[in-house]
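Visitor: structure for this input, please:
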Amino acid sequence: MTTLAERLAKRIASTGPITVAEFMAAALADPQHGYYRRADPLGRQGDFITAPEVSQLFGELIGAWLIDSWHKLGQPSPVRLVELGPGRGTLMQDALRVGKLAPAWLAAIELHLVEINPALRKLQAEGLAPQGPTWHESLETVPDGPLLLVANEFFDALPIRQLVFVGGQWRERRVGWSSEEGFGFVPSPDRSPLGALVPMQIPGVAEGAVYELSPAAIGVASEIARRVSGFGGAALIIDYGRIAPEVGDTLQAVRRHTRVNALEEPGAADLSAHVDFAALSRAAIEAGARAFGPVTQRDFLIDLGIEMRARALSRSATPTEAATIEDAVERLVGRGAMGALFKALAIAPPGISPAGFPAED
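Guide: Numbers count the residues shown, from 1 in each chain. Okay, here's the model as predicted:
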């Protein structure tokens, strides 16, 4: 049992079962033992690989999207360029390389990185030193002002609440603990007031059905939209998740690229859940901004020109390099790979139509 597991077990034994959100928050962000507070989890030697690590194509296209959005916003200067959960800084390095073709944009940006992992901050500092980034524990401490924001695989790691349908009513699904069985899910004894947030016509509701919601994700989306609507800007969110609300337990844990029990060894594995894009869109609209999408990552990247960019790179590549580029494109946009599972959502002020999304009516 990990040190964090022992601490959580004592807490539950003392005060009773905790919410799934409380368990996730501790497992991922505990100041001493949280998963995202320790070593680099990315890459083939880590626990998972994100799109920027698959190919430079991804970050380059995001860079082009940011520059295009900046022009549509009237080229504000300065503009806060913010990345939530920047990993090793790979995406931003690729985006800034494209920025060399737009020196006015490079001169206007102030780079702000929201990152809680000390090891990853060190890697980001090494790769992004010329841009002089400023680091933050959360978006709230980024100064107000015109904003360009990217969040790739950030929202999926925000804590979720889970409801379970028991005896004709929605109860909160919590995490309990016993010395015999360890950690396990238990329903709250009474109806949860959060049940009022479950859409009335949601399909698939039966005994034992699970519905997920994330107040944390809605809070971040609202804060992004507040800044975009109040100061001008554009935000791009890319993650895996659902276009429309549905029931289903999507909480998962990954360690060394393998699915493991989500409740075993908290702090030792990455925890995540599917993003509710409909909820993020509603939050953005309620905060005064416009929401575009979600569209599949496949449609988004193809619309931005990933196939054309791949052909251009392949013309000067060796046969082996060309095959690697082709494989990367398939992984990023393939219907059986990341292309369909991942979605893209943009948040922008009224009157702005971000690239890669259907234009507003």
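Visitor: which residues does Arg80 contact?
Guide: Each residue near Arg80 by Cβ atoms under 8 Å, 6 or more residues apart in numbering is listed here: Ile109, Glu110, His112, Val142, Pro143, Gly145, Pro146, Leu147, Leu148, Leu149, Gly233. (Glycine included, C-beta is placed from N, CA and C.)
Visitor: mind running it again at 7 Å?
Guide: Going by Cβ atoms under 7 Å, 6 or more residues apart in numbering, Arg80 touches Glu110, His112, Val142, Pro143, Gly145, Pro146, Leu147.
Visitor: the closest residue to Ala102 other than its chain neighbours: how many residues sit nearby?
Guide: For Ala102, ignoring the flanking residues on the chain, the nearest one in space by Cβ to Cβ, 6 or more residues apart in numbering is Ile67 at 4.8 Å. Counted with other Cβ atoms under 10 Å, the neighbours of Ile67 add up to 22.
Visitor: got the buried residues for the helix or strand hosting Ile67?
Guide: Using DSSP states H and E, Ile67 sits in helix 56-72. If you call a residue buried by 16 or more other Cβ atoms under 10 Å, then helix 56-72 has these buried ones: 56-70.
Visitor: and for stretch 282-298?
Guide: For stretch 282-298, a neighbour-count test (16+ other Cβ under 10 Å) marks 283-284, 287, 289-298 as buried.
Visitor: okay, and which of these map to strands?
Guide: Per DSSP state E, strands hold the following members of the buried residues of stretch 282-298: Arg290, Ala291, Phe292, Gly293, Pro294, Val295, Thr296.
Visitor: nearest to His33, of those?
Guide: Closest approach to His33 among these (Cβ to Cβ): Pro294, at 34.0 Å.
Visitor: flag the shaky bits of the chain, pLDDT-wise.
Guide: Within the chain, the stretches with pLDDT under 70 are 39-48, 360-361.
Visitor: contacting residues for the residue nearest the centre of it?
Guide: Nearest to the mean C-alpha position of the chain, counting by Cα atoms, centre = their mean, stands Phe154 at 2.3 Å. Contacts for Phe154 (Cβ under 7 Å, 6+ apart) come out as Leu84, Gly85.
Visitor: picking up where we left off before, next one: the residue nearest to Ala102 from Thr3, what distance?
Guide: Ile67 sits 46 Å away from Thr3, going by Cβ to Cβ, to the nearest Å.
Visitor: just give the nearest non-adjacent residue to Val98, would you?
Guide: With Cβ to Cβ, 6+ apart, the residue lying closest to Val98 is Gly63, at 3.5 Å.
Visitor: can you tell me which residues contact that neighbour?
Guide: Gly63 sits next to Asp94, Ala95, Leu96, Val98, Gly99 when contact means Cβ under 7 Å, 6+ apart.
Visitor: let's see 10 Å
Guide: Neighbour list for Gly63: 91-102, 105, 150 [criterion: Cβ atoms under 10 Å, 6 or more residues apart in numbering].
Visitor: Three-state assignment for Ala278, please.
Guide: Classification of Ala278 using DSSP: H, G, I helix; E, B strand; the rest coil returns helix.
Visitor: without its sequence neighbours, what residue ends up closest to Val329?
Guide: Leaving aside its sequence neighbours, Val329 sits nearest to Ala310 (Cβ to Cβ, 6+ apart; 4.9 Å).
Visitor: wait, Leu111 sits on Gln131?
Guide: Yes. Using Cβ atoms under 10 Å, Leu111 is in contact with Gln131, at 4.6 Å.
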